[in-house]
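In: Let's see this in three dimensions:
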Amino acid sequence: MRDAVADLRRIAFLLERAQESTYRVRAFRTAAGALRGRDAEELARLHASGGLTDLKGVGEVTARCVGESVAGEEPVYLRRLEDAVARADATGVPLAEAALRLREGLRGDCHSHTDASDGGSPLAEMAETAIGLGHDYLVVTDHSPRLTVANGLSADRLRRQVEQIAQLNERITASGSDFRVLTGIEVDILDDGALDQSEDLLASLDVVVASVHSKLRMPRDEMTERMLTAVANPHVDVLGHCTGRMVTGRRTRPESEFDADAVFAACAEHGVAVEINARPERLDPPKRLLRLAVEAGCEFTIDTDAHAPGQLDWLDHGCARAVACGVDPERIRNTRDLAGLLR
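Out: Residues are numbered from 1 along each chain as shown. I've put the predicted structure just below:
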């Protein structure tokens, strides 16, 4: 048997090291305190009877970790944290410096909005700002029609935007710049997993980010099936802000519940990148899920989801989280040049 209390304390330590939320750290430290002084045989009996969660301060996640420990196994939660630390430490580069290097290696941004939907500035201004930040490309991904609160683009409006992007790229090229605006959409994942835009139009775009924006509290099994259906669509390139959570600002929102193992396995299978959303109020996925996506073999994009020009400089937030969770830069699609990204 392993020392379950030591495992819980080690998890709390690694969560603190990774700057995870205080409430998550507290859950493991509280559980460790509640179990301190109980021998392994007693913990095994409590686990077998289902009595661990009857103890004050022990929840389902911490009880599962204890059960794995008393069975002589390293808790999966701990293993994922240790793996992330090992990957980060293997570089021999401090986390902050590694995040800076990663930021310098990003070539563009795959998720941004203009005033055509719910952004605050026109297409040309977003492009000009991206050029000033040293990007090689910017993908414009305004919302799809169902999201009326965000003035989502109908098929006709999206086609007109594609034409405007082509015209803007001609002007940019004429100026002597190699920068390029790429066509895209943040398409709503509908309740049944279908996508909120015509297949032909989605096929014509450079990048399709698929996101859930409605019924975020859908039951876990239904949400899982919804996301799996969307990820299997051959037009989807990126799974956007996968939990839909909001952690700061005027409104907060809990994570959607879904089978993350199944969804990330599907992303890896179908070649869909998991977005590391760098908006400060989102920071999605949470680090524990980001580590799970790394373990599943997923590729990633680090995106700002910018709705205004100044927000295009938010990539740092995503880079810090990627480094903390051991994401290999080779698996981040927007470290690639334009040709590499389009391939």
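
In: Now the phi/psi pair for the closest residue to residue 191 other than its chain neighbours, please.
Out: With CB to CB, 6 or more residues apart in numbering as the criterion, residue 191 has its nearest non-adjacent residue at 6.1 Å, and that residue is residue 215. Where you see a C-beta, it was placed from the backbone N, CA and C, and this is true even at glycine. Note on residue 215: its backbone torsions stand at phi 50, psi 50 [degrees, to the nearest 10].

In: ok, how many other residues are close to residue 215?
Out: 14 (other CB atoms under 10 Å).

In: same for the top strand by length along the chain, what does it pack against?
Out: Identified as the longest strand of the chain according to DSSP state E is strand 180-188. Using 3 or more CB pairs under 8 Å, 6 or more residues apart in numbering; DSSP states H and E, the elements in contact with strand 180-188 are strand 137-140, helix 155-174, helix 199-204, strand 207-211, helix 338-342.

In: Residues in contact with stretch 117-125: which ones?
Out: 112-116, 126, 140, 142-143, 147, 149-153, 161, 164-165, 168, 181, 306-309 (CB atoms under 8 Å, 6 or more residues apart in numbering).

In: May I see the ChimeraX selection of the buried members of the residues you listed?
Out: With 16 or more other CB atoms under 10 Å as the criterion, this ChimeraX line picks the buried residues out of the contacts of stretch 117-125:
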select :112,113,114,115,116,126,140,142,143,147,150,151,152,153,161,164,165,168,181,306,307,308,309
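
In: How about residues contacting the worst-scoring helix or strand of the chain on mean pLDDT?
Out: In the chain, the helix or strand scored least confidently by mean pLDDT, DSSP states H and E is helix 76-90, which has a mean of 78. Helix 76-90 is contacted from outside by 7, 10-11, 14-15, 17-18, 61, 64-65, 68, 74, 95, 98, 288, 291-292, 294-295, 323-326, 328, using CB under 8 Å, 6+ apart.

In: so where does residue 100 fall, helix or strand?
Out: Per DSSP states H and E, residue 100 falls inside helix 95-105.

In: after that helix, next one along is what?
Out: strand 108-109.

In: Mind listing the strands that next one pairs with, and their directions?
Out: In the sheet, strand 108-109 lines up against strand 137-140 (parallel) (DSSP bridges).
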